[in-house]
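S.K.: Could you work out the structure for the sequence below:
(2 chains)
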Amino acid sequence: MSNTNPLLDVSGLTKHFPIKGGFPIRRTVGAVQAVDGLDFQVAEGESLGLVGESGCGKSTTGRLITRLLEPTGGRVTYRGQDITHANRKQLAPIRSEIQMIFQDPYASLNPRQTVGKIISGPMEINDINPPGGREKRVRELLEIVGLNPEHYNRFPHEFSGGQRQRIGVARALALEPKLIVADEPVSALDVSIQAQVVNLLQKVQRELGIAFVFIAHDLAIVRHFSQRVAVMYLGKIVEIGDREDLYDNPRHPYTRALLSAVPEATVDEEPRERIRLVGDVPSPINPPSGCRFRTRCWKATEKCATEAPPLVQVEGNKPGHLTACHYPETEPTIPAPRLSKDPEAAA
Amino acid sequence: MTLPTPSAAVPLEVTDESVEKVTTSGDPKGGEGRSPGRLAWKRFKRDRTGVISACIVIFFFVIGVAAPLIAKLYGKDPYTTYASQDPSLLDAFSYPAGPNGGMSSEFWFGIEPQLGRDVFTFLLYAIRNSLGIATAATLLTTIVGVVVGVTAGYLGGKTDYLVGRVIDILLSFPSTLFFIAFMPVVYGIFVKPDDNIPTGLVVFSLIVVLSAFGWASIARLLRGQVLGLREREFVEAAKVTGASPMRIVFKELLPNLWTPIIIQSTLMLPAYVTAEAGLAFLGVGVTDPTPDWGVMIGRGATFYTEDITFLLFPGLAMVIFVLAFNLLGDSVRDALDPKSKR
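M.R.: Purely as a prediction, here's the structure:
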C-alpha cells in the first residue's frame, strides 16, 4: 500500500504477557510473546483482514490497537498521533474515532441495561448531543443496523445472537468512528446469520466510509469482506497483500497451507491438493528461532533456523504484497472457493 | 407459535414456561422490555412460601416501627412496673397471680414475673430495638462489603492480595468470643469504671463490631463476582468508548451485582437478629432496662420452670421471624437466580 498518509500506522508492535512464578517472592520467569513485531497500515475507508489460527495473536492485536492492552513495544500511530502509551485522558478525543465490535454477542452487552442505554452510553460518556436528542439518534442507529426502533426499551436477553450483534454494531457506530476493530464479529453466530451480519458490516463500510480491521479465522468471510489481508502466525505477520494477490498467488508456505484447508463447496470440481501441516503450533512462550514457521514447514533449511526472514516484497509479487519467507512458493495454485458470486470477488 | 418452546439457554422449571414463552415470542409492537428485575418479581409472586414469608417479615417490621403508636393505643409502656401499682397482679412468690402468666384483657401477653412489667409492650419494643440494630448492622456490613469487595476485585493485584488476607483473618476469627472479650475494653475507653454504660454506646459498638466481622464474607463473594465480570466484553466495550473506572464500577458492574447483594443481605439480617439476641443473653449486649429480644429470652430463661408463658412469647416470635426471613431469603434467591436449583 503506497498510501502516504495512512489512518492507522502500526510499526514493530509487540505485546509480551509476563509469566509470574516463584515462592515466596513472585517474579517474572518468562513471557508469552503473543504479538511480536507487527508492521501494517490501514488506509482511510479500507478494510484489512487479519487471519490466522487460534492463539496467533489476532485478538491481542485488536486489543492493542484499541488500547485495551498496553503494548510492550513498538508504535501505534493514529492520524499521525502516537497513541502507544497515551493514558485515558489523552485518548479521550481519539476514543470516539476507534471503536470495537466484539466476538461474543452474549457477553458484550450488559444484561442489566436496555438497548437504548447500551447504544446511548458511548454518547453520554463522550458528551455528544446529536441534534434531536440521543434517543432519536439511537432509533436511527437501530434502523441502520436493521432492527426495529421500537425495541429501544428492551433488554439484551430478549434478542437472538444475530440481533445482539447488530446492537453491538449500532453501539460502535454511535460515535461515528473512522476505524472499527471487529474481533471475530461473526464466529459466534449461526452460519445463516453470519452472512447477514457480514453484509451489514459491508454496507456500513461502504456507505459510511469506515475503515475496518477485521479479525477472523474464516478465510472465505475475510475474502468477502476485506480489500487487504494479513496472515498471522505465532505473533508475526507472515504475509500481507491485496485480497486477490494473496488468495490467488500466496507466496508463503503457511498461507498456502491455510488456503488449502478451506473446505470445498463443490463436488464436481477436481479435488484440490491439501497441504497437511504436521505437529502443533509451538508455544509462544518459547518460539522457534529464526522463522517461526520452520518447525512445521516442509521447506525449512539451516538458514530458516538462524535468520528471521524479513517481511518484504519478494520477487514476482505485486507492489504491496509482502511475504516473510526465505523460500517463497513459485508455482501457481488452484484458487480457493469463494463465499458468493460477488462480482468484485469474481474478477 | 402454538407450543411453548423451552429455552435451551436457561433451564427453567415447568412453572416458568409461561414467562419464557411471553419473553421469547414477544409482542410485535415492541414497546417496553421486561427487565431482569421485573422477571424476578413475576417469579417471586408465584412462590407462595416466599409471599407468605414476606408478609410475616413485613408485619414484624411494621409492628417494630409502629411500636410507640401501638403502645399508646394499648395504653401501657414497657418500663412501668405495673405490679408496684397493683400488688394483686403478682402472687406471694412474685409470679403472675392470674392463669397463663397473668394473661387478661388488660395485659394481653401477661405480665413479667418479679417486676411486673407488661409483656406485650415489652415485646413490641424488644422487636423494635432488635430489628433496628440488626438492620443497621446489615446496612453497614453491606455497604462496607460492597465497597471493599468491588474495589479489590476491580483493581486486582496488590490491593486484592492485601484485602484477601484481611478477609482470611477475619473469617477465621471467633467473633463471639472476641466480642465477649473485647466489649468491656471498648466500654472502658469511653466510660469511667463506676459509671453506667449508656445504651447508645452499647448499641453503637454492637453495630460496629457486628459489621466489622460481617463484611468479610460479602466482600469475598463480590470480589469473586467482579473478577468474573470485569473480564466480560461489555466492560471492555465501555472502556473502548472511554468510560472512567467510576462509571464502569457503578453503571456497568454494580447493576449486575444486585442479585448477590440482595441475597446475602436478606440471609444476613436474621443471622444478626439471633447474634444480637445471643450477645444480650450472654450479658455483653443490650442490658435489662432496655427492651430487647435477647434480654427478654434471658430473663425468661430464669423463670421458665415456674412461668413458661414469659419465655414463650419472645421465643415464638423470634422463631417465626427468623424462619420467615430465612425462607424469604431463599425465595428471593430463587426468584433472582432461576438457574440455581436447590
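S.K.: Just give me how far stretch A:145-152 sits from the chain centre.
M.R.: In this view, stretch A:145-152 has its centroid 27 Å away from the chain centroid, taken as CA atoms, centre = their mean, to the nearest Å.
S.K.: Would you mind listing what in the stretch 151-300 of chain B touches chain A?
M.R.: Within the stretch 151-300 of chain B, the positions adjacent to chain A are B:232-234, B:236-244, B:247, B:251-252, B:255-256, B:258 by CB under 8 Å from any CB of the partner chain. To be clear about C-beta, it is placed using only N, CA and C from the backbone, and glycine gets the same treatment.
S.K.: swap the cut-off to 6 Å and go again
M.R.: The interface of the stretch 151-300 of chain B toward chain A, taken as CB under 6 Å from any CB of the partner chain, is made up of B:232-234, B:236-237, B:239-243, B:252, B:255-256.
S.K.: In helices, which of those residues appear?
M.R.: If you go by DSSP state H, these have B:Glu233, B:Phe234, B:Glu236, B:Ala237, B:Lys239, B:Val240, B:Pro255, B:Asn256 in helices.
S.K.: how about TSV for the residues you listed, with pLDDT added?
M.R.: What follows is these, written out as TSV (pLDDT from 0 to 100):
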residue	pLDDT
B:Glu233	89
B:Phe234	91
B:Glu236	90
B:Ala237	90
B:Lys239	89
B:Val240	89
B:Pro255	86
B:Asn256	87
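S.K.: just the buried members of those residues?
M.R.: Taking 16 or more other CB atoms under 10 Å in any protein chain shown as the criterion, what is buried in these is B:Glu233, B:Phe234, B:Glu236, B:Ala237, B:Lys239, B:Val240, B:Asn256.
S.K.: For chain A, list the residue farthest from the centre, please.
M.R.: Distance from the C-alpha centroid of chain A, by CA atoms, centre = their mean, peaks at A:Pro24 (40.2 Å).
S.K.: So which elements touch whatever helix or strand B:Ile63 lives in?
M.R.: Following DSSP states H and E, one finds B:Ile63 within helix B:48-65. When contacts are defined as 3 or more CB pairs under 6 Å, 6 or more residues apart in numbering or on different chains; DSSP states H and E, helix B:48-65 sits against helix B:119-155, helix B:308-336.
S.K.: Quickly compare those helices and say which is most buried.
M.R.: Per residue and on average, the most neighbours among the helices and strands packed on helix B:48-65 fall to helix B:119-155, with a mean of 22 (mean count of other CB atoms under 10 Å in any protein chain shown).
S.K.: how distant is that helix from the center of its chain?
M.R.: The answer for helix B:119-155 is 6 Å, by CA atoms, centre = their mean.
S.K.: Spatially central, which residue of chain B would that be?
M.R.: Note: chain B centre (CA atoms, centre = their mean) maps to B:Leu269, 1.5 Å.
S.K.: ok, A:Ile74 - contacts?
M.R.: Just to correct that, residue A:74 is Gly rather than Ile. A:Gly12, A:Leu13, A:Thr14 (CB atoms under 6 Å, 6 or more residues apart in numbering or on different chains).
S.K.: Buried among those residues? Make that a PyMOL selection.
M.R.: Burial among the contacts of A:Gly74 is assessed by 16+ other CB under 10 Å; the matching PyMOL selection reads:
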select buried, chain A and resi 13+14
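S.K.: For the contacts of A:Gly74, give me CSV that also has distance to A:Leu69 and pLDDT.
M.R.: Below are those laid out as CSV (distance: CB to CB, whole Å; pLDDT from 0 to 100):
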residue, distance to A:Leu69, pLDDT
A:Gly12, 16, 90
A:Leu13, 11, 92
A:Thr14, 11, 92
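S.K.: In CSV: the contacts of A:Gly74, plus secondary structure and distance to chain B.
M.R.: Below are those laid out as CSV (DSSP: H, G, I helix; E, B strand; the rest coil; distance: CB to the nearest CB, whole Å):
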residue, secondary structure, distance to chain B
A:Gly12, strand, 23
A:Leu13, strand, 18
A:Thr14, strand, 21
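S.K.: what bits of chain B have low per-residue confidence?
M.R.: For chain B, residues meeting the criterion pLDDT under 70 lie at B:1-33, B:338-342.
S.K.: need the residues of the stretch 51-200 of chain A near chain B, please.
M.R.: Contact residues, the stretch 51-200 of chain A versus chain B (CB under 6 Å from any CB): A:66, A:68, A:92, A:95, A:100, A:102, A:104, A:107-110, A:112, A:122, A:125, A:148, A:150-151, A:153-155, A:158.
S.K.: Skipping its backbone neighbours, what lies nearest A:Leu175 in space?
M.R.: In space, A:Leu175 comes closest to A:Ser96 once its chain neighbours are excluded; the distance is 3.9 Å by CB to CB, 6 or more residues apart in numbering or on different chains.
S.K.: The one you found contacts A:Ala174, doesn't it?
M.R.: No: if you go by CB atoms under 6 Å, A:Ser96 and A:Ala174 don't touch, sitting 8.9 Å apart.
S.K.: Which one of the two is surrounded by more residues?
M.R.: More neighbours surround A:Ala174 than the other of A:Ser96 and A:Ala174, with 26 against 20 (other CB atoms under 10 Å in any protein chain shown).
S.K.: Which residues are in contact with that one?
M.R.: So A:Ala174 contacts A:Ile119, A:Pro122, A:Met123 (CB under 6 Å, 6+ apart).
S.K.: What's the first helix or strand after the helix or strand where the first one lies?
M.R.: Using DSSP H and E, A:Ile119 maps to helix A:115-125. The first helix or strand that comes after helix A:115-125 along the chain, using DSSP H and E, is helix A:134-144.
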